[in-house]
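[1] I would like the atomic coordinates for the input below:
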Amino acid sequence: MPLTDTQRLLTPKAAPLSDFARLMRRMHIDGPLLGGLLLVSGFGLFILYSAVGESNRLLMNQVVRLSVAFAAMLIVAQMSPDFLRRWTPWGYLAGLLLLVLVLTWGEVGHGARRWLDLGIRFQPSEVMKLAVPMMAAWFLHDRHIPPRLGHLLIIAVMIVVPTVLIAQQPDLGTALLIAASGIIVVVLAGMSFRVMVGMGLLAVPGALLLWNFMKDYQKQRVLTLLDPDSDPLGAGYNIIQSKIAIGSGGLFGKGWTNGSQAHLEFLPERDTDFIFAVLGEEFGLFGVLTILALYMFVIGRGLYIAVQAHDTYSRLLAGSISLTFLVYVFVNTAMVTGLIPVVGVPLPLVSFGGTSMVTLMAGFGILMSIHSHRKLLPH
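    From the prediction side, this is the model:
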């Protein structure tokens, strides 16, 4: 119903957008989310500078990789959710094909076959971090919500197939994270409490079955979690040194570049998986809470975008990307502090890395696309 002249006079007018805001809108960039990501990345470079010591080359490589990752985010943000939804099945199938190629022709490194060299060396498992939740959301887009049992079984197959292929590389940590991203979609779709309880009960025999297929070094990581002091100079060394570093940081830490555990090289993998221990030692509890607060802001913004999304596909996908990011943060910090076994998951946007960072930022590009292309309801 059109507004009367009196209503038009009484209705407050929106403040005019600045030139910068117009540019951000045209580029489909969400300002708060971009600000949070820049703060996390900037803080990460600050920590990495201390972790790598004299190696300026590694720091510059990280800057280049962050630039590529943010460029990927910007490119993906231009793609509408409808476009992404149409191409989701093809992306998922392409990812499965790449995983099969890895098992047959992939390059071997550190005892694992995880990489393909198609002119650019990359890990196809990274593609599935987005392809699996996108496929689950695509399947549920036009179907009954909450999903029926038959639909749950189909989604289970969609999740299990890439999970098993990745576990065969072997890369159990990535496989479990990808499975989690698909499960989150189903939970957000309104899976009943009874089904969740049933899945929880099945997890016990499932874990026992998984134990029989785990490699010896993977089993050792679990046993080390239970008693790291049983092998303090071997399997338990990493986690013991990590705990010492974090505990010695106290409230405000030893100061930037003054961490003894890191700079005297007691702390292993301090620029990748265990960089959180460097943060705890040099910036203390204050620094830890700061980075966690930044992460929570990014996750909260992502969940807000999910709530504002205009269709089932966008809502489920945005929610899964946001909560999967939370899982990544939890797994790394819990791993470094000895709450869960070491699974080789980097601290997002802080640890030195390449393909995983691009995949992560492409996910945030999807969030920005969902938010900028949403259909606003008229007032």
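[2] what's the following helix or strand after whatever helix or strand residue 330 lives in?
    Per DSSP states H and E, residue 330 falls inside helix 312-336. Next helix or strand after helix 312-336 toward the C-terminus (DSSP H and E): helix 355-372.
[3] can you list the buried residues in stretch 316-331?
    By 16 or more other Cβ atoms under 10 Å, the buried positions in stretch 316-331 come out as 316-326, 328-329, 331. C-beta coordinates here come from the backbone N, C-alpha and C atoms, glycine included.
[4] just stretch 143-154 next, same as before
    For stretch 143-154, a neighbour-count test (16+ other Cβ under 10 Å) marks 147, 151-152 as buried.
[5] between helix 355-372 and the helix holding residue 330, find me the angle.
    Helix 312-336 and helix 355-372 meet at an angle of 140 degrees, taking axes from the mean of the first three to the mean of the last three Cα atoms, to 10 degrees as the criterion.
[6] how distant is helix 312-336 from the center of its chain?
    Mean-position distance between helix 312-336 and its chain equals 6 Å (Cα atoms, centre = their mean, to the nearest Å).
[7] what's the answer for stretch 73-91, then?
    On the basis of Cα atoms, centre = their mean, stretch 73-91 is displaced by 18 Å from the centre of the chain it belongs to.
[8] same question for stretch 305-319.
    17 Å.
[9] what comes into contact with it?
    Outside stretch 305-319, the residues within contact range by Cβ atoms under 8 Å, 6 or more residues apart in numbering are 30, 33, 81, 85, 133-134, 136-138, 140-142, 145, 184-185, 188-189, 302-303, 322, 366-367, 370-371, 374-375.
[10] mind checking which of these are in helices?
    If you go by DSSP state H, the contacts of stretch 305-319 have 33, 81, 85, 133-134, 136-138, 140, 184-185, 188, 302-303, 322, 366-367, 370-371 in helices.
[11] coming back round to it: export the buried residues of stretch 143-154 to JSON lines and tack on secondary structure?
    Below are the buried residues of stretch 143-154 laid out as JSON lines (DSSP: H, G, I helix; E, B strand; the rest coil):
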{"residue": "147", "secondary structure": "coil"}
{"residue": "151", "secondary structure": "helix"}
{"residue": "152", "secondary structure": "helix"}
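[12] the helices in the stretch 101-250 of the chain, which residues?
    Using DSSP state H, counting those that start in this stretch, the helices of the stretch 101-250 of the chain run over 125-140, 149-167, 172-188, 193-213, 216-226, 237-248.
[13] among the ones you listed, which is the most enclosed?
    helix 125-140 (a mean of 27; mean count of other Cβ atoms under 10 Å).
[14] which strands and helices sit next to that helix?
    On a contact count with 3 or more Cβ pairs under 8 Å, 6 or more residues apart in numbering; DSSP states H and E, helix 125-140 meets helix 81-105, helix 149-167, helix 172-188, helix 312-336, helix 355-372.
[15] closest to residue 47 out of the ones you listed?
    Of all those, it is helix 312-336 that lies closest to residue 47, at 13.0 Å by Cβ to Cβ.
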